[in-house]
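K.L.:
I'd like to go over a predicted model; first the sequence, then the structure.
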Amino acid sequence: MDFTIPEKMRPILAEMRKIVDEELIPAESEVARSGFSATVPMLAEKRARVKAAGFWAPQLARDLGGMGLSLQEHALVSEVLGRTPIGHYCFGCQAPDAGNMEVLHSYGSAEQKERWLKPLAAGEIRSCFSMTEPERPGSNPTWMETRAVTDGDDYVIDGRKWFTSSADGARFAIVMAVTNPDADLHARASQIIVPTDTPGFKLVRNVSVMGHAGSDWDSHAEIEYCNVRVPRANRLGAEGAGFLIAQERLGPGRIHHCMRWIGICERSFDLMCERAARRELSPGKTLASKQIVQEWIADSRAEINAARLMVLQAAWKIDTAGVHASREEISTIKYFVAGVLQRVVDRAVQAHGALGVTDDTVLAQFYRQERAARIYDGPDEVHKVVVAKNALKKYGVSL
Ligand SMILES: Cc1cc2nc3c(=O)[nH]c(=O)nc-3n(C[C@H](O)[C@H](O)[C@H](O)COP(=O)(O)OP(=O)(O)OC[C@H]3O[C@@H](n4cnc5c(N)ncnc54)[C@H](O)[C@@H]3O)c2cc1C
């Protein structure tokens, strides 16, 4: 086994790291202070710089203007970009647009690709993915209330969604709605493109998450779909294939998230070590001299290294055997890395004392935003059940 970073990726990663360190990290506090929407013009300049350097949309096929990297290669990129909350956005591979591009690429008709995928891939518009409902468990997406009823050549959509990330300012939503209520559990819902200027699409509010409602890309909206009429031609893939498409989308998406989290861990680790090395508890006696702090550092190092290897192995398996064959690996990394992320960021906050909970460092933002990592894209418990069921199958237990 060879663990060296592939030759091709080394200069790319080094150049990207330079942009992240020299241009994005210095800009992140302004975004946090002024709010995302106020800083969109400044971020557009950063995006233009990334495009000029040839690093736009690393995960996307070349014919769509991306770098055409494999999942393993993009995983390495995602770690570098994860060091700053604005990394993925500035490089055109931010959730939920990256997932929507993938779905449009795989399931979109020629017309859908022309109208939605092209401008999305170019970063000219944004999108959102609208599946979770306030009244139904997001952890069981086979059970939802939103309906899309056929009327001539149209669907008429009614329902309420929330936590539709980045809906504020998005040009279209991909909506999961039940089209075939009497079909098998996994064949009831379809994914339908809904332009956000369609009558009946109402953004009720940006939901405040731990005191932060956010704006533009950096937000999570509650949305009412009231008599929303769109052509049936807006459906992605076959009728009833919504669940299947969602599963396909979430596999690579979890690699992107997990490696982004490792980037957050590495940045937090740097800040923790820096603090431990400089902060004096008494003259000449630093935080680093305390064994308990050394333990935080050692545990964090080991956990981050383990997490990275697990994610890269899962990415390799998806690249070589496909999403379906990699379900166990995908579930394992999802809860394992989210746990590492939470522990590492928490230790870094602790090492900073009061400073750790202020907005004078990026740590509080990481802490606030990333608590959700153990919930979105499937809560820990759901993924643990997948892994345990698979393990127990070999012992004759069928759950
Ligand atoms: C920041 C953030 C961004 C999000 N972005 C999007 C988005 O863009 N689009 C979208 O559609 N959704 C999005 N979501 C929603 C997310 O996917 C759901 O929150 C998630 O699927 C969990 O659903 P729920 O909140 O309804 O919790 P529930 O399903 O009600 O579950 C509550 C808790 O019950 C426990 N639990 C659930 N199932 C089991 C089980 N089988 N066994 C044991 N315990 C269990 C878990 O601890 C879970 O946290 C986002 C959520 C967050 C927090």
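P.N.:
Structure received.

K.L.:
How about the residues of this protein by the ligand?
P.N.:
Selection of the chain residues close to the ligand by CB under 6 Å from any ligand atom yields 96, 129-132, 137-139, 163-165, 220, 372, 375-376, 379, 381-382, 385. (Each C-beta comes from the backbone N, C-alpha and C, glycine too.)

K.L.:
Please repeat the previous calculation with a cut-off of 5 Å.
P.N.:
Residues of the chain found near the ligand (CB under 5 Å from any ligand atom) are 96, 129, 131-132, 137-139, 163, 165, 372, 375-376, 379, 381-382.

K.L.:
most surrounded residue in those residues?
P.N.:
The residue in these with the most neighbours, by other CB atoms under 10 Å, is residue 129 (26 neighbours).

K.L.:
Grab the nearest non-local neighbour of it.
P.N.:
residue 96 (4.4 Å; CB to CB, 6 or more residues apart in numbering).

K.L.:
ditto for residue 251
P.N.:
Nearest residue to residue 251, sequence neighbours excluded (CB to CB, 6+ apart): residue 323, at 3.6 Å.

K.L.:
if we can go back for a sec, ok, the residue nearest to residue 129 to residue 217 distance?
P.N.:
For residue 96, the distance to residue 217 equals 10 Å [CB to CB, to the nearest Å].

K.L.:
any idea whether residue 149 is helix, strand or coil?
P.N.:
The three-state label given to residue 149 by DSSP: H, G, I helix; E, B strand; the rest coil is strand.

K.L.:
Quick one: neighbours of it, just the number.
P.N.:
By other CB under 10 Å, 13 other residues sit near residue 149.

K.L.:
same question, residue 150
P.N.:
Per other CB under 10 Å, the neighbour tally for residue 150 reads 11.

K.L.:
Pull the contacting residues for the residue nearest to it when sequence neighbours are not counted.
P.N.:
Using CB to CB, 6+ apart and skipping residues adjacent in sequence, the residue nearest residue 150 is residue 232, 6.8 Å away. Applying CB atoms under 8 Å, 6 or more residues apart in numbering, we find residue 232 in contact with 150, 153, 154, 155.

K.L.:
can you redo those as CSV with distance to residue 7, secondary structure and pLDDT?
P.N.:
Below are the contacts of residue 232 laid out as CSV (distance: CB to CB, whole Å; DSSP: H, G, I helix; E, B strand; the rest coil; pLDDT from 0 to 100):
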residue, distance to residue 7, secondary structure, pLDDT
150, 53, strand, 98
153, 53, coil, 98
154, 53, strand, 98
155, 49, strand, 98
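
K.L.:
Would you mind confirming that residue 32 is in contact with residue 364?
P.N.:
No. Checked against CB atoms under 8 Å, the pair residue 32 and residue 364 is beyond contact range at 9.2 Å.

K.L.:
Would you mark the buried spots in stretch 269-278?
P.N.:
269, 271, 272, 273, 275, 276 (16 or more other CB atoms under 10 Å).

K.L.:
Mean confidence (pLDDT) on stretch 55-73, please.
P.N.:
Average pLDDT, stretch 55-73: 95.

K.L.:
List the residues that contact the residue in the chain that the ligand sits nearest to.
P.N.:
Nearest to the ligand in the chain, going by CB to the nearest ligand atom, is residue 138, at a distance of 2.4 Å. Going by CB under 8 Å, 6+ apart, residue 138 touches 131, 132, 163.

K.L.:
how about CSV for the buried residues of stretch 269-278, with pLDDT added?
P.N.:
Converted to CSV, the buried residues of stretch 269-278 look like this (pLDDT from 0 to 100):
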residue, pLDDT
269, 98
271, 98
272, 98
273, 98
275, 98
276, 98
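
K.L.:
where does the residue nearest to residue 150 fall, phi/psi-wise?
P.N.:
Residue 232 adopts backbone torsions of phi -60, psi -20, taken as degrees, to the nearest 10.

K.L.:
With residue 226 instead?
P.N.:
Main-chain dihedrals, residue 226, degrees, to the nearest 10: phi -120, psi 100.

K.L.:
pLDDT score for residue 300?
P.N.:
For residue 300, pLDDT reads 98.

K.L.:
Quickly find the element holding it.
P.N.:
Residue 300 belongs to helix 291-321 when assigned by DSSP states H and E.

K.L.:
Would you mind listing the buried residues in that helix?
P.N.:
293, 296-297, 300, 303-304, 307-308, 310-312, 314-319.

K.L.:
Kindly report the same for stretch 112-128.
P.N.:
Residues 112, 113, 115, 116, 117, 120, 121, 123, 126, 127, 128 are the ones in stretch 112-128 that count as buried (16+ other CB under 10 Å).

K.L.:
who touches the fourth one in this structure?
P.N.:
Remark: with contacts taken as CB under 8 Å, 6+ apart, residue 116 is in contact with 104, 108, 125, 127, 171, 172, 193.

K.L.:
Does the third one touch residue 173 like I think?
P.N.:
Same thing as residue 125. No. Applying CB under 8 Å as the test, residue 125 and residue 173 come out as separate, 11.9 Å apart.

K.L.:
Quickly list what's touching both of those two.
P.N.:
Counting by CB under 8 Å, 6+ apart, residue 125 and residue 173 have no contacts in common.

K.L.:
Name the next helix or strand downstream of the helix of greatest length in the chain, please.
P.N.:
Using DSSP state H, we find that the single longest helix of the chain is helix 242-278. The C-terminal neighbour of helix 242-278 among helices and strands, as given by DSSP H and E, is strand 280-282.
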